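> Could you look at this predicted model? Sequence included:
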Amino acid sequence: MNRIYLDYAATTPTHPDVIKAMLPYFNESFGNPSSIHSYGQEARDAVERSRNKVASLIGAKSEEIVFTGSGTEADNLALQGVAISLHGKGNHIITSSIEHHAVLETCKFLGKQGFSITYLPVDGFGLVDPQDVKKAITKKTILITIMHANNECGTIEPITEIGEIAGEVGIYFHTDAVQTVGHVPINVNKMKVNLLSISAHKLYGPKGIGALYIRRGTRISPFMHGGGQERGRRAGTENVPGIVGLGTAAEIAEREMPEEARNLTALRNQLIEGILTGIEYTQLNGHPVTRLPNNVNVTINYVEGESVLLNLDLDGICASTGSACSSEEQEPSHVLVAMGLPHLQAHSSLRFTLGKWTTDQDVDRVLNVLPGIVAKLRAMSPLMKTAN
Ligand code: PLP
């Protein structure tokens, strides 16, 4: 059976050209970029070429890119780095209630260190209101961190408006752009961000490599101490193959993004429309228009997301639950709950995320298989019986 992968938001396959570009840096040009001999210099050149490519994709200068070990590390460096650096100035951080755990857990940690965190609500579409950001600012605010697009519901946040507000009062603004870099156009100057997080494995690069954009002049302390790599902002011998992979992925994204986004938007809309019209008692989660080109998040009432997922998997279709249960208590998705979904509906949600190699036939297959699975599960569901 041919498997269909529709979980590109979790991770993407590594692009064959990315793998090809990385390979020589394992055993041919394997030098340490800090070494002054020719092996070292080859590796250093490769790192700097990749830095240029990543910078170019987001409209930054290359010296503003710091390579990290993941998107999570980029988020940690942004939040902890600013918190440590500006501790004397204030202790208040503004974020949203729908951030990825990489930001939420870092905020929780900082909360325990004496920082005060404001978690802004979102509306039914998952949008943060820029006016709420404005109202939350105090004399003690040192950082605003709002994600560019949400990884579960796909909603794209009004980052430029928030950047405008942060800029007016001179407060640092960080955005977690892990789900958007390489998928939607990004210009750090238009967005007026000081800090922006990137993860390679979400844009057809390898896992375990990320980057943080740090606007020139932004005061940020390293939280990793050791050698002077990355201009003293992130110690540790550089992951050269990973960095080359991220650079190549960025180069491919810059070239292919417009067409890919057009194709994915069409496929996404086809899938949304097919589910909403083909299956009763369904609804779309997230913003209908201002959303990632590849994201479909739906609630299918009267069935459990997990059960649908397992049944889809048996049919070779790999998706994800909107309510990614992160613990044994089967907590529903904090994102969907923050958007106002009752727990029961949050548990009945599914996320399909499409990518470069998704075809019309893949979408058709989901639309052929899903109604039967839902009908079968609903026939056994006590909740469906009460609804009828
Ligand atoms: N931020 C967002 C929005 C994400 O979706 C993810 C990954 O799922 C991360 C951060 C973490 O990135 P990484 O897997 O590179 O640590």
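The structure has been received and is ready for your questions.

> ranges for the helices of the chain?
Along the chain, the stretches classed as helices by DSSP state H are 16-22, 24-27, 38-58, 71-85, 101-112, 130-136, 159-169, 188-191, 240-278, 305-314, 334-338, 343-347, 360-380, 382-387.

> doesn't residue 316 make contact with residue 2?
Yes - using CB atoms under 8 Å, residue 2 makes contact with residue 316 at a distance of 6.3 Å. Yep, even glycine has a C-beta here, placed from its N, CA and C like the rest.

> And these two? Which one has more around it.
Legend: neighbour count by other CB atoms under 10 Å for residue 2 and residue 316, higher for residue 316 (13 against 7).

> check contacts around the more buried one.
Residue 316 is in contact with 1, 2, 3, 4, counting by CB atoms under 8 Å, 6 or more residues apart in numbering.

> For the residue nearest to residue 204 when sequence neighbours are not counted, grab the count of nearby residues.
Distance criterion CB to CB, 6 or more residues apart in numbering; nearest residue to residue 204, sequence neighbours excluded, is residue 15 at 3.9 Å. Here the number of neighbours of residue 15 (other CB under 10 Å) works out to 21.

> tell me which residues form a beta bridge with the closest residue to the ligand within the stretch 201-350 of the chain?
Closest to the ligand within the stretch 201-350 of the chain is residue 210: 5.1 Å, counting by CB to the nearest ligand atom. Beta-bridge pairing for residue 210 (DSSP bridges): residue 68, residue 199.

> Please list the residues outside stretch 41-55 that contact it.
Counting by CB under 8 Å, 6+ apart, residues outside stretch 41-55 touching it are 25, 29-35, 60-65, 67, 198, 211, 213, 238, 240, 243-244, 246-248, 250-251, 254.

> Show me which of those residues are buried.
Buried subset of the contacts of stretch 41-55 (neighbour count, 16 or more other CB atoms under 10 Å): 25, 29, 31, 33, 60, 64-65, 67, 198, 211, 213, 238, 240, 243-244, 246-248, 250-251, 254.

> Could you check how far the residue of the stretch 201-350 of the chain closest to the ligand is from residue 312?
30 Å (CB to CB, to the nearest Å).

> If you count surrounding residues, which of those two has more?
residue 210 (28 against 20).

> related to what we said a few turns ago, same list, the contacts of residue 316, but as a markdown table with pLDDT please.
Shown next, in a markdown table, are the contacts of residue 316 (pLDDT from 0 to 100):
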| residue | pLDDT |
| --- | --- |
| 1 | 77 |
| 2 | 89 |
| 3 | 96 |
| 4 | 98 |
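
> Make a ChimeraX selection of the buried ones in the residues you listed.
To isolate in ChimeraX the members of the contacts of residue 316 that are buried, counting by 16+ other CB under 10 Å, one can use:
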select :4
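
> Looking at the contacts of residue 316, which are in strands?
residue 4 (DSSP state E).

> And the residue of this structure closest to the ligand?
Counting by CB to the nearest ligand atom, the chain gets nearest the ligand through residue 71, at 2.6 Å.

> Would you agree that residue is in contact with residue 210?
Yes - counting by CB under 8 Å, residue 71 sits close enough to residue 210 to count as a contact (4.6 Å).

> Mutual contacts of those two, please.
With CB under 8 Å, 6+ apart as the test, residue 71 and residue 210 both reach 178, 197, 198, 199.

> Neighbours of the closest residue to residue 9 other than its chain neighbours, how many?
For residue 9, ignoring the flanking residues on the chain, the nearest one in space by CB to CB, 6+ apart is residue 353 at 3.8 Å. Residue 353: 26 surrounding residues under other CB under 10 Å.

> Could you list which residues are in contact with residue 353?
Here residue 353 is in contact with 6, 7, 8, 9, 10, 154, 292, 294, 295, 296, 319, 320 (criterion: CB under 8 Å, 6+ apart).

> what two of those residues have the greatest distance between them?
Farthest apart among those by CB to CB are 292 and 319. That separation is 15.1 Å.

> Neighbour count: the two, which is higher?
residue 292 (29 against 22).

> surely that one meets residue 181?
No - with contact defined as CB under 8 Å, residue 292 does not count as touching residue 181 (11.7 Å).

> Residue 192 is in contact with residue 172, correct?
No - at 10.8 Å, residue 172 does not count as touching residue 192 under the criterion of CB under 8 Å.

> okay, those two: which has more neighbours?
residue 172 (24 against 20).

> which residue sits closest to that one, ignoring its sequence neighbours?
residue 194 is the one closest to residue 172 (CB to CB, 6+ apart), at 4.5 Å.

> Same question for residue 177.
Nearest residue to residue 177, sequence neighbours excluded (CB to CB, 6+ apart): residue 148, at 4.1 Å.

> and the one you found, what pLDDT?
pLDDT, residue 148: 98.

> for residue 160, same thing?
So, for residue 160, pLDDT stands at 98.

> Test my guess that it contacts residue 190.
Yes - with contact defined as CB under 8 Å, residue 160 reaches residue 190; the gap is 6.2 Å.
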